[in-house]
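J.: Sequence and predicted structure are below.
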Amino acid sequence: MKKQEVFQSYKENIMPTYSKAPLIFVKGKGSRLWDIQNREYLDFFPGWGVGNLGHCHPKVVSAVREQISKLIFIPNNYYHIQQAKLAEEIVLRSYPAKVFFCNSGAEANEAAIKFSRKFGKGRCEIITFENSFHGRTMATVSATGQKKYQEGFEPLVPGFKSVKFNDIDAVRNAVNEKTVAVMLELIQGEGGINVATKDFVLGLRMLCDEKNLLLIIDEVQTGIGRTGKLFAYQHYGMAPDILTLAKALGGGLPIGVMVVKKEIADILQPGMHASTFGGGPVVCRAALGVLEAIEKEKLLLNAQEKGAYLFEKLNLLKDKYPVIKEVRGLGLMIGVELNISGKIIVEKCLEKGLLINCTHDTVLRLMPALNITGREINAALQILDEVLKEYSG
Ligand SMILES: *Cc1c(COP(=O)(O)O)cnc(C)c1O
């Protein structure tokens, strides 16, 4: 297919639910991508948070290859080895728990919402936060604390109340006899890279224990090493009751997981919840490859070191260009808040071969692969510097 034919097919045959840059990619390796004209790009936002190992990591490629020729799919009314292994690895690395497998972040959160209602036995309200993002299904978009994702889809699913982020009193005031859970991202990704404070999170943990509420941590974006720990909650000295994972876990293949602490996990009995594709052999094998690569290649350490380096250099750019208001984040999940709209900066970077993202209108979002090199970071900084210079006049 030629470039124009691809665009034409999208235009005629695919619903226009995404705004798109006019790029057609055909190949990826690590933090590099190549388009249909063989132009090379440096990817500092691989897969919208999916590409924590970069593109086509050899461990993932060989894991998938091996599994796909043996057994592609087996439904959940039978057993298979890959799911057993992956569950064991996830529980080993998190906390005493049992897991439920599905295919996406929204589905993992949807499962957490359904689980909470079953747990609540009549208590059904979940407190969420302003500027949060939990997915696009009816329940998860209702849980999301941003009107722009909800408009036109009313009536929303009842039972969600969103309150101010990082404000423990706001949560305390919102709790009533119907409340069953509190659900949050430790770093709000789609909400502008807002980091939860330690006091707030520890306060939430105490409040949840005191009122018998489930603390649901949505790590669909922050999980799998993104912040320099395998899970972001590990920075906070506490554990959630329910953890949700997706994006980076499958190394590019679709997977979602709900991790529920062991004491309560058996509340969902046979027939109560399900997902046909959930936890299939190929995606589980891919996820095992991802976890193995993170460990063998010491990628958590690399994320910490490279994150600190990038953070420091971005702060130097901030001193140079007043158009930068603030640099914030954790590990390799970094937001650069601007005084101007970030859209034009993203476009200009793209013209120079650097892929980044803008979230919440004014926040540039950098989430390079965990195996990013110092040289690649310097190349990206060089481009950012040139572009920001142009817009700091
Ligand atoms: C992306 C995201 C989701 C939704 O995940 P999908 O796989 O797109 O359904 C949910 N929560 C957070 C924090 C996310 O970043």
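T.: Perfect, I can see it now. From a predicted model like this one, the values you see are computed outputs, not experimental measurements.
J.: show me what contacts the residue in the stretch 251-393 of the chain that the ligand sits nearest to?
T.: The ligand sits closest to residue 256 of the stretch 251-393 of the chain, with a gap of 6.5 Å, by C-beta to the nearest ligand atom. Bear in mind the C-beta positions are built from the backbone N, C-alpha and C, glycine included. Applying C-beta atoms under 8 Å, 6 or more residues apart in numbering, we find residue 256 in contact with 101-108, 111, 220, 244-246, 278.
J.: same deal with residue 125?
T.: Applying C-beta under 8 Å, 6+ apart to residue 125 gives the contacts 159-161, 176, 178-180.
J.: out of the residues you listed, what pair is the most spread apart?
T.: Farthest-apart pair in those is 160 and 176; separation 13.4 Å (C-beta to C-beta).
J.: out of the two, which sits in the more crowded spot?
T.: Neighbour count, other C-beta atoms under 10 Å: between residue 160 and residue 176, residue 160 has more, with 22 against 11.
J.: Can you tell me who that one pairs with across the strands?
T.: Residue 160 forms beta bridges with residue 126, as assigned by DSSP bridges.
J.: Settle this for me: it is touching residue 143, isn't it.
T.: Yes: here residue 160 reaches residue 143: they are 5.0 Å apart, a contact under C-beta atoms under 8 Å.
J.: Could you tell me which residues touch both of those two?
T.: 126, 128.
J.: Distance check, the closest residue to residue 50 other than its chain neighbours against residue 153.
T.: Counting by C-beta to C-beta, 6 or more residues apart in numbering, residue 50 lies nearest to residue 247, which is 4.9 Å off, once chain neighbours are set aside. To residue 153, residue 247 is 23 Å away according to C-beta to C-beta, to the nearest Å.
J.: Are the helix or strand residue 109 falls within and the ligand in contact anywhere?
T.: Element membership for residue 109 (DSSP states H and E) is helix 105-120. Yes: using C-beta under 6 Å from any ligand atom, helix 105-120 comes into contact with the ligand via 105-106, 109.
J.: Alongside the ligand, which residues does the stretch 51-200 of the chain contribute?
T.: 104-106, 109, 133-135, 185, 189-190.
J.: For ChimeraX, write a command that selects the buried ones of these.
T.: Of those, the buried ones can be selected in ChimeraX as follows, counting by 16 or more other C-beta atoms under 10 Å:
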select :104,105,106,109,133,134,135,185,189,190
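J.: Spell out which parts of the stretch 201-350 of the chain neighbour the ligand.
T.: Contact residues, the stretch 201-350 of the chain versus the ligand (C-beta under 6 Å from any ligand atom): 218, 220-221, 246-247.
J.: Sitting in strands, which of those residues do you find?
T.: residue 218 (DSSP state E).
J.: Need the residues of the stretch 201-350 of the chain next to the ligand in TSV (columns: distance to residue 228 and pLDDT).
T.: Listed next are these as TSV, based on distance: C-beta to C-beta, whole Å; pLDDT from 0 to 100:
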residue	distance to residue 228	pLDDT
218	18	98
220	17	98
221	14	98
246	19	98
247	16	98
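J.: By neighbour count, which of the residues of the stretch 201-350 of the chain next to the ligand wins?
T.: Counting neighbours by other C-beta under 10 Å, residue 218 leads these with 30 neighbours.
J.: My read is that it contacts residue 187, right?
T.: No: look at residue 218 against residue 187 with C-beta under 8 Å: they stay out of range, at 10.2 Å.
J.: so what does the longest helix seen in the chain touch, helix or strand wise?
T.: In the chain, assigned by DSSP state H, the helix with the most residues is helix 299-320. Under the contact criterion of 3 or more C-beta pairs under 8 Å, 6 or more residues apart in numbering; DSSP states H and E, helix 299-320 touches strand 324-330, strand 333-338, helix 374-390.
J.: No more questions from me, cheers.
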